[in-house]
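Student: From the sequence below, what's the structure:
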Amino acid sequence: METSKLHLKVKKAGGRMTKVRTQIIECIQHSGCLTTQADIRAHLLKNHLKPNRSTLFRELQFLVKHAIINKSILAGVEYYEVPHHHHHLVCVQCRAITKIEINDKLHMQEDQLSKTYDFHITNHTLEFFGYCKSCQHITL
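Tutor: Next up, the predicted model:
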């Protein structure tokens, strides 16, 4: 999603584009996929911003609450990313995470579930756990 669209979503949610908020969004957007709080903190420090932990927590909470960013917990770690529907392969050995796209069959099944159960689906998550190429020779 474009930066300007994310900024517009912040404003529509009643927020301001502070320096810290702008840099958090920039960091998450440019990471491509799955950014940790440590990654965000390092990005902020690199840009001469030093918010305390509670400020960073509140900023992330605001952005998640208003669907400007998504929060995922994979292998016990909290990650943040710009909304773009995709899924992940998670290595249970080295914890490497790979972003993957799945074809339209999953979307068709989601539509069918929605109709069958008269349930309005707003989002879903799907992660595959196993061993990456590097770890397969160690464990298999």
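Student: Please make it C-alpha for all contacts and neighbour counts, starting now.
Tutor: Fine.
Student: which residue is nearest the middle of the chain?
Tutor: Centroid check for the chain by C-alpha atoms, centre = their mean gives residue 81 as the closest residue, at 2.5 Å.
Student: Who does that residue form a beta bridge with?
Tutor: Beta bridges link residue 81 to residue 70 when assigned by DSSP bridges.
Student: quick one, strands of this structure?
Tutor: Along the chain, the segments classed as strands by DSSP state E run 70-74, 77-81, 87-91, 97-100, 127-130.
Student: sorry, back to before: can you give me the pLDDT of the residue nearest to the centre of the chain?
Tutor: The predicted structure scores residue 81 at 90 on the pLDDT scale.
Student: swap in the one 5 residues further on?
Tutor: On pLDDT, residue 86 comes in at 84.
Student: and it, what is it in contact with?
Tutor: By C-alpha atoms under 8 Å, 6 or more residues apart in numbering, the contact set of residue 86 is 99-102.
Student: One more pass at 10 Å, please.
Tutor: 33, 99-102, 124-127 (C-alpha atoms under 10 Å, 6 or more residues apart in numbering).
Student: Out of those residues, flag the one nearest to residue 72.
Tutor: residue 125 (8.7 Å; C-alpha to C-alpha).
Student: That closest one against residue 72, yeah?
Tutor: Yes: taking contacts as C-alpha atoms under 10 Å, residue 125 lies within contact range of residue 72: 8.7 Å.
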